[in-house]
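Trainee: sharing a model that was predicted from the sequence below.
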Amino acid sequence: MKVALIAMRPEIADKKANLQTMEKQIEKTKADLYIFGETTLTGYGCKDEIRNLAESIDGPSIKYMQKIAKKNNCYIVFGLPLVDPNIEGLNHNSAALIHPSGKTDIYNKWFLPTFGPFEEKIFFNEGEELKVFKTKLGKIGIIICYDLFFPELCRAYTLQGADIIICLSATPSPNRKYFETLIPARAVENAVFMIYVNLVGTQEDLVFWGGSQIYDPLGNLLVKAPYYKESVVTCDIDIKQIKIARANRPVIRDIRPEIYHDLYDFARFHTKK
């Protein structure tokens, strides 16, 4: 399976331009799975404009990308704001996984950073579902940026059979060392392929560092994109490596389920002493 990591500098609030750039990148690079960063459709930090930019799952932008997926017989993952399908006025920071058939799966970001320069809880609602998506390439789980700091999400995907966990990101340069520590850690502790794709370039006062990368189930770096420049890098991955990795590091076999009940009690009912 060939994976293409595409580090873009999206135009702020210009969905048409960003869709055209995405299409060009897909057309010029042969792969089975193309992955773009968080909020690639709109750019990061649109703030109040999100309310007008957000679309539904059957909106024009996803339809546009469905045609590209069908034409190129490929899978495409990209970030975009989506409206909540049930509650008027709520929006999500989302990722779409489009299949070659046009079928589209959606993940809504669980953890919304609202500190320092980040204001996501002001504009987005938290996600509540953790679904593993079945594809011809393997079972895929998706997280978005700050989600990476919460290992429970990746573990939940692994326990549902995920082979690959994809992290879309829009993280600025001061946070690079944290992400480059956590990405291989998530690969090792779950014995899965971890794929990370970041935005690149400057948007307002944030400088995104790029550096998209893939780690195998034993934490070996397979490919890394350059820092601070738009790029496309590709990598072949073999899902069969997971079986070997889990024989060498049987972390999934050795999980003790009772710890999850205990963790709930610690977090939900803890008291100060």
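Mentor: Done, it's in. Numbering: from 1, shown residues only.
Trainee: so which helix or strand of this structure has the lowest pLDDT on average?
Mentor: Ranked by mean pLDDT, DSSP states H and E, the helix or strand of the chain with the weakest confidence is helix 258-269, at a mean of 84.
Trainee: where do the strands sit along the chain?
Mentor: Here the chain has its strands, by DSSP state E, at 2-7, 33-35, 75-83, 91-98, 104-108, 133-135, 138-144, 164-169, 193-198, 200-203, 206-209, 213-215, 221-224, 231-236.
Trainee: reformat those strands as JSON lines; add mean neighbour count.
Mentor: C-betas here are computed from N, CA, C, even on glycine. Formatted as JSON lines, these follow (neighbours: other Cβ atoms under 10 Å):
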{"stretch": "strand 2-7", "mean neighbour count": "24"}
{"stretch": "strand 33-35", "mean neighbour count": "26"}
{"stretch": "strand 75-83", "mean neighbour count": "25"}
{"stretch": "strand 91-98", "mean neighbour count": "24"}
{"stretch": "strand 104-108", "mean neighbour count": "20"}
{"stretch": "strand 133-135", "mean neighbour count": "18"}
{"stretch": "strand 138-144", "mean neighbour count": "24"}
{"stretch": "strand 164-169", "mean neighbour count": "28"}
{"stretch": "strand 193-198", "mean neighbour count": "28"}
{"stretch": "strand 200-203", "mean neighbour count": "18"}
{"stretch": "strand 206-209", "mean neighbour count": "20"}
{"stretch": "strand 213-215", "mean neighbour count": "24"}
{"stretch": "strand 221-224", "mean neighbour count": "16"}
{"stretch": "strand 231-236", "mean neighbour count": "16"}
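Trainee: quickly, which of the ones you listed bottoms out on average pLDDT?
Mentor: Of all the strands of the chain, the minimum mean pLDDT falls on strand 200-203 (a mean of 92).
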